[in-house]
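Colleague: next one to model:
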Amino acid sequence: MMTKSIQVPLNQKNIILIGFMGAGKTTIGQLLAEKLGREFLDADQEIERRHGMPVTEIFKSMGEPVFRQMEKEYLVELCRTSREKVVSLGGGSFMQDEIRNACLDSGIVYHLDLDWESWLKRFEALIDTRPILQSKSLEEVRALFDSRKLIYADNHYTVAVDQLSPEEIAENMARQIREGRERE
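Modeller: Predicted coordinates for the structure are as follows:
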């Protein structure tokens, strides 16, 4: 299903952060929102708040397809109605065509990119809070990483997050956004 293109002035567009789980979307998003004076929204946290349970529990009790439907309803509506937010998407959100199209049409999408070796250093800290990791071997996670990276390539900007601190990344992004606003 094709979504209708949403015409939003550049300075009012949401800044949308995508990338694999553990790339730093929430941390960088919070810092970026603070620097730009915008509200920060973490899509997974908003879904948890709306449904009164953690994402891990939604996955366990209702299944991934139900969670993906909740995610799609929330994010497509957010793209249609909200402006001037910094939004962190869950790692799998952008795999859904409807979400991807809505984000690309109404927001400025930044892919927070890290390489596999850098991600592996974060793996142990992620496994307990990421339901998708709990049922997969490392080889399956690598295949997921590679397949999602292909979809994440459909963005407005790619930011390498391997070598810089979250503060440096957020500052560089804020500078780029401010400079873009001045050129409008």
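Colleague: ok, which stretches of this protein are strands?
Modeller: 14-18, 39-42, 85-88, 107-113, 157-160 (DSSP state E).
Colleague: Val66: which of those is closest?
Modeller: Closest approach to Val66 among the strands of the chain is made by strand 39-42 (19.4 Å; C-beta to C-beta). For every residue, glycine as well, the C-beta is placed using N, CA and C.
Colleague: for the closest one, which strands pair with it and how are they oriented?
Modeller: In the sheet, strand 39-42 lines up against strand 85-88 (parallel) (DSSP bridges).
Colleague: in the protein, where is pLDDT below threshold?
Modeller: Within the chain, the ranges that satisfy pLDDT under 70 run 1-9, 123-135, 181-184.
Colleague: can you do 80?
Modeller: In the predicted model, the chain carries pLDDT under 80 at residues 1-11, 120, 122-136, 180-184.
Colleague: tell me, what residue is most central in it?
Modeller: Leu89 (2.6 Å; C-alpha atoms, centre = their mean).
Colleague: just give the number of residues close to the nearest residue to Gly91 once chain neighbours are set aside.
Modeller: Spatial nearest neighbour of Gly91, chain neighbours left out: Met21 (3.8 Å); criterion: C-beta to C-beta, 6 or more residues apart in numbering. Per other C-beta atoms under 10 Å, the neighbour tally for Met21 reads 21.
Colleague: the residue nearest to the centre of the chain touches Leu104, doesn't it?
Modeller: No - judged on C-beta atoms under 8 Å, Leu89 makes no contact with Leu104 at a distance of 12.0 Å.
Colleague: convert stretch 116-124 to CSV, retaining C-alpha atoms only.
Modeller: Taking Å, rounded to 0.1, in the frame of the first residue of the first chain, the C-alpha atoms of stretch 116-124 are listed here in CSV:
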residue,chain,number,x,y,z
TRP,A,116,29.5,-5.6,12.7
GLU,A,117,32.7,-5.7,14.8
SER,A,118,31.6,-2.6,16.7
TRP,A,119,28.2,-4.0,17.2
LEU,A,120,29.5,-7.3,18.6
LYS,A,121,31.2,-5.3,21.4
ARG,A,122,27.7,-4.2,22.4
PHE,A,123,26.0,-7.6,22.1
GLU,A,124,26.2,-8.7,25.8
